[in-house]
Every structure is written in structure tokens, then in C-alpha cells.
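J.: got a structure for you, letters missing:
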């Protein structure tokens, strides 16, 4: 997880002392002992950032604050002179920023500022899901936090273009569902079904009018698609088909289209709870077989 840091904060800590029953008269007084103050122990100073870390920070300011996507960075030699470091340090800093998805690097050419995207975030989610089944349920919780709000905002702000985009995704899901039953290549049809499903959620986020929501849903596309495959497996094991999935999406869409923010949020919440039950069913079946 290149770009995410967890902090634990302790706030509002207080201690209460219960005096209990204290006698008004002290029959014995003990001398008060002076506490000798212990010599203070010097805390180690925080480690200074390395030359590469300093250059990374300055380049990030340059990229995010001044340079437009598609702009080439100054040459390594020029940056080395400007920041008073070696060209090797510049090269390492550029590699770090390329890994974060901020720069595009090709041999023999100056690095280019990339259009912002959520690829690093998506890669992190994919890795979390791959190595730990809990990551799937973490993703569901993230979806609850983002998509319930997305549905509610969409109901308040959606325009005709947004309605058309959401409806087009639903139409694609319906068509793919038909091919999953009758088509010659049902696996390919299921892939298309999930692609349109992701498109539905992305269109909903775009219709919310919140760019951050749209950015995050776009970044989650690959993890969502992966979880949808597992969810469909559990869906079938529970005796259901793609029709029920489509119906859940239709319920969200109808409430969005009618401007019912509260109803859209409730419909999305119900859909996500059902998706969680599908994933649990798939994992439980896999555990029994394993």
C-alpha cells in the first residue's frame, strides 16, 4: 500500500479517583517523602528525511501544483542543479513518483506528468483481497461508506445525461444476462455483465456531482469486478440468478430517477447487504470443499 498510513489517536483520556469514606480525624500522620526527580531522558530526534524523500516531496509539489498532465519534467541534470543533489537521487525520486502513478517514465526520455487516476489505490485493494479474504468484506464496508452516499446524492443532482448513462449500463446488464443463459460463450457474457455492473456504479458516482466519489469508484473498478465474480458464484449457490441482481440495480435507479434520496440510499444499502451474503456463501462453500 504505497500511498496509505494508519494513525491511532488517543483523545479525551481522564482518570477519576473515588475517595470513598475518609475519616475527618487522622490518628496517624506519616511523613511525606520527597520524590527525587529523575533526570530527564533525551528522546532521540526524529530521523531526517533522506535526499530522495526531500526531492520526492518537492517534485510532488511541482507536479500537483504547477505542471499540467502531459508536461515533461525538466531534465535530470537541471533538476539535480536546482535541488543540489546527484542525478542518481533525481532518478530514484522519479521512480518513486512513477510507482505512485504520478509520472510516466520511458527509456531515454524525460518523465511525463500523468493524468491523475486511482491505479495505485486499485492495486492496493486488489492485493488486500488476494491475500486475505477479509479484504473482500473490507471492500464491502468501503462500498457502504461511498455508494450509499453516492446513490443519495445522485437522486438530488442527477441530470438527463446521468440518467441516460445509468440506464445504458442497466440495458447492458440485461443483454449480457440473456447471453449468459443462451449464448455460446457464457463466461464471456458474464464478464460483460460485470463490466456493465461496474459501469452502473461508476455512472451513479458521476451523477452524484462529487468528483472525489467518481474518482474513488473509478479507482475501485478492478477490485469491484473481481468481487462481482465471487458474488455471482455465491448468488447461484443461494439459488438465484442475474435477474435478481438487475432488479436490485433497477430499484436503486428508480429512486434516483424520482429524486428520492432516502429511498435510493436504502435500496443501495439493501443491495450491498445482499452482495455480502453472496460472498459469504461463496467463501463458505469453497472452505467446505477445501
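T.: It's in. Nothing here was measured: the structure is a model prediction, and the numbers come from that model.

J.: all contacts plus neighbour counts: C-alpha atoms, from now on.
T.: Will do.

J.: how far does the one helix or strand in the chain whose mean pLDDT sits lowest sit from the chain's center?
T.: In the chain, the helix or strand scored least confidently by mean pLDDT, DSSP states H and E is helix 119-131, which has a mean of 79. Relative to the centre of its chain, helix 119-131 is centred 9 Å away, using Cα atoms, centre = their mean, to the nearest Å.

J.: is it fair to say residue 212 lies in a helix?
T.: Yes - under DSSP: H, G, I helix; E, B strand; the rest coil, residue 212 sits within a helix.

J.: Would you mind confirming that residue 148 is in contact with residue 261?
T.: No - using Cα atoms under 8 Å, residue 148 makes no contact with residue 261, being 9.7 Å away.

J.: joint contacts of these two?
T.: By Cα atoms under 8 Å, 6 or more residues apart in numbering, residue 148 and residue 261 have no common neighbours.

J.: sorry, back to before: in the least confident helix or strand of the chain, which residues are buried?
T.: 119, 120, 121, 122, 123, 124, 125, 126, 128, 129 (16 or more other Cα atoms under 10 Å).

J.: contacting residues for residue 51?
T.: 85, 89.

J.: which residues of the stretch 1-150 of the chain fall in strands?
T.: 103-104, 112-113 (DSSP state E, counting those that start in this stretch).

J.: And these: which comes nearest residue 271?
T.: Closest approach to residue 271 among the strands of the stretch 1-150 of the chain (Cα to Cα): strand 103-104, 37.6 Å.

J.: Contacts for that closest one, please.
T.: Here strand 103-104 makes contact (Cα under 8 Å, 6+ apart) with 94, 97, 98, 111, 112, 113, 114.

J.: Note down every partner strand of that strand and its orientation.
T.: Strand 103-104 has the following strand partners under DSSP bridges: strand 112-113 (antiparallel).

J.: Could you report the separation of residue 115 from residue 192?
T.: 27 Å (Cα to Cα, to the nearest Å).

J.: Just the buried positions in stretch 263-278, please.
T.: Buried residues in stretch 263-278, counting neighbours by 16+ other Cα under 10 Å, are found at 263-272, 274-276, 278.

J.: Next: stretch 73-87.
T.: By neighbour count on 16+ other Cα under 10 Å, the buried set for stretch 73-87 is 73, 76, 79, 80, 87.

J.: and that stretch, how far apart are its ends?
T.: 14 Å.

J.: cool, and stretch 104-117?
T.: 12 Å.

J.: where does the chain have low pLDDT?
T.: 1-47, 290 (pLDDT under 70).

J.: try it again with 80
T.: For the chain, the stretches with pLDDT under 80 are 1-47, 116-121, 123, 131, 183, 290.

J.: Right, I'll leave it there.
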